[in-house]
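Novice: Quick one: sequence plus predicted model below, questions after.
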Amino acid sequence: MSYLNQIRVRFAPSPTGYLHVGGLRTALYNYLFARKNGGVFVLRIEDTDRARYVEGAVENLIVTLKWCGLDYDEGPQLGGNYGSYIQSERLEIYKKHIQILIELKKAYYCFCTPERITELRDSQQKVNQQTKYDKLCLHLTQNEIEEKLKNNLPHVVRLNIEIDKKVIVEDIIRGKVEFDSNLLDDQVLLKGDGYPTYHLANVIDDHLMKISHVIRGEEWLPSTPKHVLLYDAFGWEKPVFAHLPLLLNPDKSKLSKRQGDVAVEDYRSKGYLSESLVNFVALLGWNPGIEQEIFSLDELVELFSIDAVNKAGAVFNIEKLNAFNFEHLRKKDDREVLRILKDLLTKSKYSNHSLADDTLLLIIEAMRPRISFVKDIIENSPYFFEPPESYDQEVIKKRWEEDTPNYLRTLAEEYSRLNTPSKDDYEKALHKAAETCGVGNGKLIHSLRLALSGVGGGPGLYDILFILGKEESIKRIYTAIERIK
């Protein structure tokens, strides 16, 4: 039986920094495809480009995938039957296979210096030729090769691409894509430092790890004919390819750091929920064909189909992501929001607050309809955690009149008579104070809100009073009377 009948997919990032949202989408689509089809999701670290390796990137990557809920079945720290899952630990495997290619005349040693390669490319560019290696070293005799190797001359190993050949790539998303081998360069397979290039290691590992479907970004499509040629050279069965569309900025340029955040970690640090980011990224290039847009990860698994992924680039719309975050926050259980809020408070200037969980839950209930991020609770309603240090001047001009202090004193006296007041008690006492002062309720409501919070908007006034409590509310009323002139 062909191993391609067993669904095995992989996410194979390079540890060169943070996880790009495009990388998250690739990981997500592989994960969804595996879970939907009862398959295996493999994490493989492609760290053969040692110049770009970033210390700690692998650990960060694993933490980020876990935060997103994308648990892999085989990979670093977890193991599996096809390890190691870190390419720098598989060098002997690549060297063994490169010898096979050399013996089959599908690859050859190249001893050209970097200077010669540069001169060759410069001369080709001057006459508007495609820049590619001219196969000079392919014509070395066996004796010449052995002599150069014996003298330890620096060298690489190149793929020997046959001329005048059509290379066909069958792609689930793109359909049948045809390449002319005359336009393909004799790609370096093994570098001078003994490390394989992406192309060699990628193909060998996908075969040995029995990867059935290669789902990756569109940027890898031009390299795929070289991979097809390598599969053919080894006589191996090819996996099924699926190349995902580009992620675009609103101006249709390729998504880049220049126009906004591109790292998953950036969005996490800004307070986005993992559920909302995963939901949003899932719809960048794929549509479930229904009107519903807000999905859990389990729902995405149930609905996902690789056949429904679009060819066209997908625009990254931050406003839509914000809307998704609002919706997912609404669906979150209060206790989950409490956990996030408490964690954020420990990192804020209110780390020494003395509010009980029950009080924090009341704050969450009051603020939930008005926030898209849990951090908004702290940023938009600091008055729950400390008395206002200043008062909005525009609100003072509009709402604070000459008699306002007298109205508020009357209100404070009414509140002082209350015993463990409810929200209704605060409201009734305000109506009574307004009646005593001979004014409408609005004369007290707006100035009271200002005294309690320092601002003119926010959650329900009686919610604020109930959360702050009688003593604190009365104290803030008198403080405002003293400070606002």
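Specialist: The structure has been received and is ready for your questions. Given the structure is predicted, the values throughout are model-derived calculations rather than measurements.

Novice: what about the helices in the stretch 201-350 of the chain?
Specialist: 224-234, 264-269, 274-282, 297-303, 318-331, 334-346 (DSSP state H, counting those that start in this stretch).

Novice: Let me have those helices in JSON lines, adding mean neighbour count and distance to Val127 as columns.
Specialist: Bear in mind the C-beta positions are built from the backbone N, C-alpha and C, glycine included. Shown next, in JSON lines, are the helices of the stretch 201-350 of the chain (neighbours: other CB atoms under 10 Å; distance: least, CB to CB, whole Å):
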{"stretch": "helix 224-234", "mean neighbour count": "20", "distance to Val127": "25"}
{"stretch": "helix 264-269", "mean neighbour count": "18", "distance to Val127": "45"}
{"stretch": "helix 274-282", "mean neighbour count": "23", "distance to Val127": "45"}
{"stretch": "helix 297-303", "mean neighbour count": "16", "distance to Val127": "52"}
{"stretch": "helix 318-331", "mean neighbour count": "17", "distance to Val127": "46"}
{"stretch": "helix 334-346", "mean neighbour count": "16", "distance to Val127": "61"}
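
Novice: Quick one: those as JSON lines, columns for distance to Ile481 and mean pLDDT too.
Specialist: JSON lines is the format used below for the helices of the stretch 201-350 of the chain (distance: least, CB to CB, whole Å; pLDDT from 0 to 100):
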{"stretch": "helix 224-234", "distance to Ile481": "74", "mean pLDDT": "97"}
{"stretch": "helix 264-269", "distance to Ile481": "41", "mean pLDDT": "95"}
{"stretch": "helix 274-282", "distance to Ile481": "43", "mean pLDDT": "98"}
{"stretch": "helix 297-303", "distance to Ile481": "53", "mean pLDDT": "98"}
{"stretch": "helix 318-331", "distance to Ile481": "37", "mean pLDDT": "96"}
{"stretch": "helix 334-346", "distance to Ile481": "30", "mean pLDDT": "96"}
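
Novice: among the ones you listed, which is nearest Leu153?
Specialist: With CB to CB as the measure, helix 224-234 is the member of the helices of the stretch 201-350 of the chain nearest Leu153 (25.1 Å).

Novice: quick one: the closest one to chain centroid distance?
Specialist: 31 Å (CA atoms, centre = their mean, to the nearest Å).

Novice: a markdown table please, covering the helices of the stretch 201-350 of the chain and showing distance to Gly56.
Specialist: Formatted as a markdown table, the helices of the stretch 201-350 of the chain follow (distance: least, CB to CB, whole Å):
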| stretch | distance to Gly56 |
| --- | --- |
| helix 224-234 | 30 |
| helix 264-269 | 12 |
| helix 274-282 | 21 |
| helix 297-303 | 27 |
| helix 318-331 | 27 |
| helix 334-346 | 22 |
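
Novice: Can you tell me what sits against stretch 187-198?
Specialist: Under the criterion CB atoms under 8 Å, 6 or more residues apart in numbering, residues 46, 48-50, 87-88, 91, 94-95, 98, 101, 107, 110, 154-159, 161, 199-200, 204, 223, 226 lie in contact with stretch 187-198.

Novice: If you could redo that for stretch 143-157, that was the one I meant.
Specialist: 98, 101-102, 107-111, 113, 140, 188-192.

Novice: change it to 7 Å
Specialist: Ile98, Ile102, Ala107, Tyr108, Tyr109, Cys110, Phe111, Val188, Leu189, Leu190, Lys191, Gly192 (CB atoms under 7 Å, 6 or more residues apart in numbering).

Novice: And stretch 471-485, by the same measure?
Specialist: Residues contacting stretch 471-485 (CB under 7 Å, 6+ apart): 387, 391, 396, 400, 405, 408-409, 411-412, 415-416, 450-452, 465.

Novice: can you do 8 Å?
Specialist: With CB under 8 Å, 6+ apart as the criterion, stretch 471-485 contacts 387-388, 391, 396, 400, 405, 408-409, 411-412, 415-416, 448, 450-452, 465, 468.

Novice: Once you drop chain neighbours, what's closest to Lys165?
Specialist: By the measure of CB to CB, 6 or more residues apart in numbering, the closest residue to Lys165 outside its immediate chain neighbours is Ser181, 3.9 Å from it.
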